[in-house]
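K.L.:
Predicted model and sequence follow; I will ask about them next.
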Amino acid sequence: MNTVRRAAAAALAAVAVLGTGAAGQASAAPSPTPTTGKLPAGLYGTKDPAYDGVWRQSLAFLAQRATGYQPSDQAVEWLLGQQCDDGSFPSYRADAAKPCDAKTMRDTNATAVAVQALGAVRRQSATPEKADQAVKDGTAWLKTVQNKDGGWGYSTGGASDANSTSVVVGALAATGTRPTAFTSAEGRTPYDALLAFALPCTDKEGPGAFAYQPDKAGKLFANADATAAATLAGLGKSVVATKASPEQAPACADLSKPTPERAALNGASYLAKALAKTHHLVQPPMPGAADTAEQPDFGNTADAVVALSAVGAAKAAMPALEWLEENSAAWAKENGPAAYAQLVLAARATETDPRKFGSVDLVEQLNAAGPAPKSPDTSASSTTSDDEDSGFDLWWIIGIGTVVGVGIGFLLSGRKK
């Protein structure tokens, strides 16, 4: 999950308004920003929340719980108030008192990450029953908009993409719902959709990577953002994944009938190679941008660190983590709570102290981006690893058993986003 996806959401919304018909089929423009110019109480961040209000709030919650903090009741209530009566979440609702209607653009990514975030904070919230119901309603809505191929697009009715499908898989895993049991009317699972985006190890440009979507001709092109997300989803995990053992160097291996976990390991192999030279990923320039040079992609680099750690390749991830420690401070300050959350989760995945992240205390900066959270919680619910917190690990281990592949010697366990 990453802030770059939020930027993509903005571009998608612009496409919807202009009617150019590019990737995805946005059904309506996003909700408007506050007309008063004043952001609502309880919301994290100070920038326009039109495209990422729910997203950044949810990532902040996940990172806070990962470091032992519980978001304030005011912040939790704000997120609960963003949910529509049908269980979905838009990217942002400026007027939560006004019911969602046909013009409200439902957002599968926002819904999935909100479901996961509320699931993570519900036990310590002031209204646990309300949060529980929100999780159930959000999960049920995601089921109603699942595509025939088993996946999800960013907006309802949009073609499935690797990122959106992976975000939903992470949310399902985190809240104890088996992704393999979450089938479309045609009997397809999210993994059927996800594997369709996987490139073979023989691909010259992106061996083992995942594509975001096929192009108009049906060809797949490697996408680091999609690969990081799909690697976690293939393991039944999400951005709150922790370091797996034993340590390994992931290798790409094609199978006649690939499994989600094998595809995830192939994806990790691609990410390790992509990071090997410069220790960071890059993002191509936006169409029409004056600056045509490639720029460092901080958010996707952080996501790649989490993905590599989750497959047991933390050593391959450490140079990228160290690069982030040295270079991400200005980016995080500019992008706010979601950026700080991504860095916190990357640090946690590599067992690095987020309070001593280069020259920055990531926890302090994240907590300062919204209402003051409750004091650190040292209870088991706040300190368990991402494989222990959701009750998802047992059935996942039973379901997939021991991973078979080159250099693999650990049991995959699923879990929480």
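P.N.:
Okay, I see it.
K.L.:
Tell me, how many residues neighbour T144?
P.N.:
Around T144 there are 10 other residues, counting by other Cβ atoms under 10 Å. For every residue, glycine as well, the C-beta is placed using N, CA and C.
K.L.:
no no, E186
P.N.:
11.
K.L.:
Report the contact partners of it.
P.N.:
Taking Cβ atoms under 8 Å, 6 or more residues apart in numbering, we find E186 in contact with 148-150.
K.L.:
at 6 Å what do you get?
P.N.:
E186 makes contact with K148, according to Cβ atoms under 6 Å, 6 or more residues apart in numbering.
K.L.:
Distance check, it against A230.
P.N.:
Distance of E186 to A230, computed by Cβ to Cβ, to the nearest Å: 21 Å.
K.L.:
Likewise for D107?
P.N.:
Distance from D107 to A230, counting by Cβ to Cβ: 19 Å.
K.L.:
now do V282
P.N.:
Per Cβ to Cβ, V282 is found 19 Å from A230.
K.L.:
Of the two, which one has the most company?
P.N.:
Counted by other Cβ under 10 Å, V282 and A230 do not tie: A230 has more neighbours, with 31 against 14.
K.L.:
For that one, what is the enclosing helix or strand?
P.N.:
Assigned by DSSP states H and E, A230 belongs to helix 224-234.
K.L.:
Kindly format the C-alpha coordinates of that helix as PDB.
P.N.:
C-alpha atoms of helix 224-234 as PDB (Å, rounded to 0.1, in the frame of the first residue of the first chain):
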ATOM      1  CA  ALA A 224       7.300  -2.400  -9.000                       C
ATOM      2  CA  ASP A 225       4.400  -1.000  -7.100                       C
ATOM      3  CA  ALA A 226       2.100  -3.800  -8.200                       C
ATOM      4  CA  THR A 227       4.900  -6.400  -7.400                       C
ATOM      5  CA  ALA A 228       5.400  -5.200  -3.900                       C
ATOM      6  CA  ALA A 229       1.600  -5.300  -3.200                       C
ATOM      7  CA  ALA A 230       1.100  -8.700  -4.900                       C
ATOM      8  CA  THR A 231       4.100 -10.300  -3.200                       C
ATOM      9  CA  LEU A 232       2.500  -9.600   0.200                       C
ATOM     10  CA  ALA A 233      -0.900 -10.700  -1.000                       C
ATOM     11  CA  GLY A 234       0.500 -13.900  -2.400                       C
END
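K.L.:
buried ones in the next helix or strand after that helix?
P.N.:
Going down the chain from helix 224-234, the next helix or strand is helix 260-276, by DSSP H and E. Judged by neighbour count (16 or more other Cβ atoms under 10 Å), helix 260-276 contains these buried residues: 260-275.
K.L.:
pLDDT score assigned to P376?
P.N.:
Note on P376: pLDDT of 77.
K.L.:
That one: what's it in contact with?
P.N.:
With contacts defined as Cβ under 6 Å, 6+ apart, the neighbours of P376 are 68-69.
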